[in-house]
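[1] Here is a sequence with its predicted model. Questions after.
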Amino acid sequence: MSKSKSSKYVTLDLQTYELLTQELSNLRGRVAQLESAGSTRPTQVAKQQALLTVVTKIRESLDLESIFKSTATEVRQLLQADRVGMYRFYPDSGFNEGEFVSEDVLSPFKSALAAKINDHCFGNKYANYYQQGHIWATSDIYALDLSDCHIAILSRFQVRANLVVPLLQGDHLWGLLCIHQCSAPRQWQDSEIEFVSQIALHLGVALQQAEFVAQLQNQSAHLTTAVAQAVGREKAIAAIIDKIRQSLDIRTIFQTTTQEVQQLLKADRVVIYRFHQDWSGEFVVESASQGWNSLMEKQLENPELCENISECSVKYLAGSQLADTYLQATEGGEFARGEVFRVCNDIYKAQFSQCYLEALESYQAKAYAIIAIYQGQSLWGLLAAFQNSGPRDWDESEVNFLIQISRQLGIAIQQAQLLGQAQKRSVELQTTLTAQLQQRAQELAKEAERERALAQVIDKIRRTLDLDTIFQTATCEVRQLLNADRVVVFQFDPNSDCYGEELFEEGTLLPSQSALETKNSDRYFWEGCTLDYQVGQIMALDDICESNSSKEAVANISVCQVKSNLVLPLFKGERVWGLLCICQCSSPRQWQDEEKGFVSKIALHLGVALQQSELLAQAQMRSLELQKALAQVQAQKEQQVKAAQQERALARVIERIRQTLDIDTIFSATTQEVRQILKCDRVAVYRFLPDWSGEFVFESLVSGWIELAQGNFKTIWSDSHLQQTQGGRYRHHESLAIDDIYKANHSDCYIEVLEQFQVKAYMIVPVFVGENLWGLLGAYQHSSSRNWKPRELNLLTQVGNQLGVALQQAQLLGQLKEAKENADAA
């Protein structure tokens with residue numbers, strides 16, 4: 001239901017409206033029937049008329065006070081009672097307390113209005129009675145066996161006879177309609193009781209409609225508040241984005257953003273976290289309320305603080321199977337692909353892993369909203385808002401706000417990265433452009449010798465390739481030279497043959513309406529937009545009103561106060577791009593041939609400027625394509641250089657192996673050279689024992705990692721799989737490269753052994769002596785996982801083959817020495 005401020009009428013829901021309409025129709029019919037029948041019962045007619053008045057009042061107004069007042073007056077006068085009042089129970093009083101909110105009372109009896117009544121007997125005895133719609137009619141209160149407290153209340157208001165009808169608001173007992181006879185006892189008639197019941201029924205309808213309106217008003221207030229909050233948040237977002245765009249210093253942007261976001265969300269902490277290439281990372285900036293630990297300081301004291309978020313948080317945000325995309329129900333809503341967020345209202349109810357809980361507890365967080373920051377298509381870091389004081393229900397608008405901020409941060413990061421490149425390219429392009437402009441300026445200077453006035457305009461046009469500046473200069477200069485009131489550059493809509501055009505720039509002399517405010521798709525606007533313009537025809541109208549133009553065309557042009565105009569086509573290549581319009585608004589004007597010739601040259605040069613602008617855009621695009629191609633060539637060249645360096649290094653290793661037959665010297669030189677070539681953390685030689693267990697016999701190791709073979713210390717490793725299969729895959733000349741041991745489907749026990757050796761990634765190739773598997777050559781990465789290249793595995797395989805040859809040669813040498821010794825002994 002709604003009510004207009006400028007009308008006394010209300011709008012009811014359909015069911016109530018139909019009910020009241022039917023009731024009114026019935027009442028009017030009953031009244032007409034009684035009156036036409038010449039009934040001798042005027043009281044009955046009066047009752048029907050009074051009932052009709054009440055129903056009409058309910059239809060026309062939602063003001064309960066007015067309805068109650070008029071109803072009480074009508075009923076009291078009709079029934080000739082001493083008092084008629086509306087009594088309302090206080091909410092939550094158990095029907096024991098209330099007051100009269102409206103009445104009509106006959107003097108000299110007391111007014112019951114606003115009198116507070118407290119009857120603790122009523123709720124238990126009579127509430128259910130009235131709730132069921134029953135009526136209580138008493139001809140003399142002293143003739144009934146009423147309680148003393150009830151008699152006292154009635155006597156207080158001088159009541160002798162009482163007729164009480166419940167006022168029901170739906171199924172709820174709202175109050176009572178009371179008819180009092182104070183002067184003497186009174187026997188209530190059935191017709192009076194029926195009449196009062198009908199009145200109470202319609203008052204209940206009014207109460208129900210009033211409640212419905214109150215609910216609508218409350219909903220409207222909530223919606224207004226929500227809209228105001230949304231508008232406020234959008235303004236805050238705009239303000240933050242404006243501050244981000246005001247600076248290219250990424251540190252300043254980060255500090256400003258975290259402070260603004262923390263204040264707006266009233267969060268306890270807002271941080272920006274950056275991932276490194278190995279998915280470790282660090283907090284780069286934070287804004288926190290007083291009383292909470294600084295994560296920036298804590299990460300300096302405890303580096304594991306950053307490792308925790310790298311190991312745990314990124315699993316939730318970078319993994320596609322765990323990533324939550326915003327508004328899945330609406331297929332992504334307004335958010336672009338790649339925007340990932342993670343929201344937790346209570347960390348202890350989210351079933352997180354223990355490591356993740358410990359990480360969050362170290363941040364003092366109880367709830368969080370973490371938004372991914374993307375630099376282009378790559379995950380750069382995280383924007384996180386933490387609530388430390390307790391759990392928090394993050395609102396959808398807050399998540400939306402954080403996503404928008406993270407998007408702007410991503411753009412700012414990308415812009416900062418590209419700024420250096422852009423500055424360098426800008427200098428190069430500026431140098432080229434300056435040279436071109438200088439050359440063009442010299443050519444224009446020669447033309448200026450012949451046509452001074454024209455050259456001034458053309459010179460200014462050719463000093464820039466920016467269309468806005470060109471059009472502004474041309475319109476202003478042409479208007480001044482021709483002493484016209486307005487000069488307009490008019491562009492056709494490229495998606496239509498002629499209509500839907502828009503005005504680009506103008507110079508205006510008179511204080512008339514600007515043509516820039518006009519965008520007209522009327523086919524009569526600037527009539528003459530036909531094939532004539534395609535062949536370069538000029539349209540000159542000395543007096544618009546006396547021309548052959550249609551009334552519609554004159555009316556449209558008159559909007560801009562044009563009295564006379566000169567219109568020329570502007571070509572971009574072979575196609576009509578728009579019009580150059582010179583307008584006289586003060587009075588009609590006769591256009592001279594020299595004026596037409598002058599403007600034709602200006603239009604020609606504007607067409608050249610349009611073409612050059614398009615060519616410049618094409619040249620810039622081609623430049624970008626060439627730069628990308630050059631970068632690809634350089635990258636390929638770098639790869640070739642690295643491959644050549646590794647080939648040369650491999651040749652050096654093989655040469656050093658062949659220069660000696662001392663196995664220790666070979667192993668020492670080989671492991672050291674290979675580790676330097678591959679830039680890995682360890683290269684080790686592993687020898688099989690007769691039972692197919694084995695030991696590390698030599699290694700080259702970056703300092704800081706566990707030693708497996710140093711001096712006389714040899715680490716023995718009994719791999720049950722290799723023992724059972726007598727070398728496993730390696731006996732078949734197969735190699736193995738593992739980029740990440742945690743993604744290689746290794747058994748748990750095997751991973752535990754690798755973790756003891758601090759291994760994160762490895763390559764292993766077999767070493768054969770003849771046809772026998774002698775051992776293994778392994779390259780290991782301890783600091784992090786590693787993407788091994790095919791050429792690296794090939795290099796390691798070749799070194800393993802050369803070690804096998806060296807071992808075979810050493811064995812043959814030993815056999816020869818032993819044979820010689822045996823021969824000498826014989």
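    Done, it's in.

[2] so where's the stretch 651-800 of the chain shaky on pLDDT?
    Scanning the stretch 651-800 of the chain for pLDDT under 70 picks out the ranges 658.

[3] Mind doing that once more with 90?
    In the predicted model, the stretch 651-800 of the chain carries pLDDT under 90 at residues 651-670, 673, 677, 693, 707-728, 747-749, 770, 791.

[4] Please enumerate the strands of it.
    682-688, 694-701, 709-710, 713-714, 716-717, 736-738, 761-769, 772-781 (DSSP state E, counting those that start in this stretch).

[5] now these in CSV, with mean neighbour count and distance to residue 822?
    In short, each C-beta sits where N, CA and C put it, glycine included. Converted to CSV, the strands of the stretch 651-800 of the chain look like this (neighbours: other CB atoms under 10 Å; distance: least, CB to CB, whole Å):
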stretch, mean neighbour count, distance to residue 822
strand 682-688, 23, 27
strand 694-701, 21, 28
strand 709-710, 16, 33
strand 713-714, 12, 31
strand 716-717, 12, 33
strand 736-738, 19, 42
strand 761-769, 22, 23
strand 772-781, 23, 24
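
[6] Same list (those strands) but as JSON lines, adding distance to residue 469.
    Shown next, in JSON lines, are the strands of the stretch 651-800 of the chain (distance: least, CB to CB, whole Å):
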{"stretch": "strand 682-688", "distance to residue 469": "65"}
{"stretch": "strand 694-701", "distance to residue 469": "66"}
{"stretch": "strand 709-710", "distance to residue 469": "74"}
{"stretch": "strand 713-714", "distance to residue 469": "79"}
{"stretch": "strand 716-717", "distance to residue 469": "76"}
{"stretch": "strand 736-738", "distance to residue 469": "60"}
{"stretch": "strand 761-769", "distance to residue 469": "58"}
{"stretch": "strand 772-781", "distance to residue 469": "58"}
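
[7] Out of the ones you listed, flag the one nearest residue 343.
    Among the strands of the stretch 651-800 of the chain, the nearest to residue 343 by CB to CB is strand 761-769 (34.2 Å).

[8] List the pairing partners of that closest one within its sheet, with orientation.
    strand 736-738 (antiparallel), strand 772-781 (antiparallel) (DSSP bridges).

[9] re the thing from before, of all the strands of the stretch 651-800 of the chain, which one is nearest residue 61?
    strand 761-769 (82.6 Å).

[10] Give me the distance from that closest one to the chain's centre.
    Averaged C-alpha coordinates place strand 761-769 at 52 Å from its chain's average position (CA atoms, centre = their mean, to the nearest Å).

[11] likewise stretch 407-426?
    With CA atoms, centre = their mean, you get 22 Å for stretch 407-426.

[12] Check what contacts it and list those residues.
    240-241, 244-245, 248, 250, 253-254, 257, 272, 336, 339, 373-376, 380, 383, 627 (CB atoms under 8 Å, 6 or more residues apart in numbering).

[13] same check, this time on stretch 679-691
    Contacts for stretch 679-691 (CB under 8 Å, 6+ apart): 667, 670-672, 674-675, 694-702, 705, 708-709, 717, 722-723, 727, 767, 773-783, 786, 803.

[14] Report the secondary structure state of residue 464.
    coil (DSSP: H, G, I helix; E, B strand; the rest coil).

[15] what do you get for residue 591?
    Going by three-state DSSP: residue 591 is coil.

[16] same question, residue 243
    Quick answer, by three-state DSSP: residue 243 is helix.

[17] Quick check: the nearest residue to residue 774 once chain neighbours are set aside vs residue 689, distance?
    Of all residues not flanking residue 774 in the chain, residue 767 sits nearest, at 5.0 Å (CB to CB, 6 or more residues apart in numbering). The spacing between residue 767 and residue 689, counted by CB to CB, to the nearest Å, is 14 Å.

[18] Residue 536 now?
    On the measure of CB to CB, residue 536 and residue 689 end up 97 Å apart.

[19] Show me the residue at the heart of this structure, geometrically.
    Nearest to the mean C-alpha position of the chain, by CA atoms, centre = their mean, lies residue 400 at 4.1 Å.

[20] For the helix or strand harbouring that residue, the averaged confidence score.
    Using DSSP states H and E, residue 400 maps to helix 396-450. Taken as a whole, helix 396-450 carries a mean pLDDT of 78.

[21] Stretch 801-820 now?
    86.

[22] and that stretch, how far from the chain's centre?
    On CA atoms, centre = their mean, the centre of stretch 801-820 falls 71 Å from the chain's centre.

[23] Report the buried residues of that stretch.
    Buried residues in stretch 801-820, counted by 16 or more other CB atoms under 10 Å: 801-807, 809-810.

[24] What of stretch 348-361?
    Here stretch 348-361 shows 352, 356-357, 359-360 as buried, counting by 16+ other CB under 10 Å.

[25] what about it, start to end distance?
    Using CA to CA, to the nearest Å, the end-to-end distance of stretch 348-361 comes to 10 Å.

[26] chain center to that stretch: distance?
    27 Å.

[27] circling back to that earlier point, what is the residue nearest to residue 774 paired to in the beta sheet?
    residue 775.

[28] check contacts around it.
    Neighbours of residue 767 in contact, by CB under 8 Å, 6+ apart: 685, 773-777, 800, 803-804, 807.
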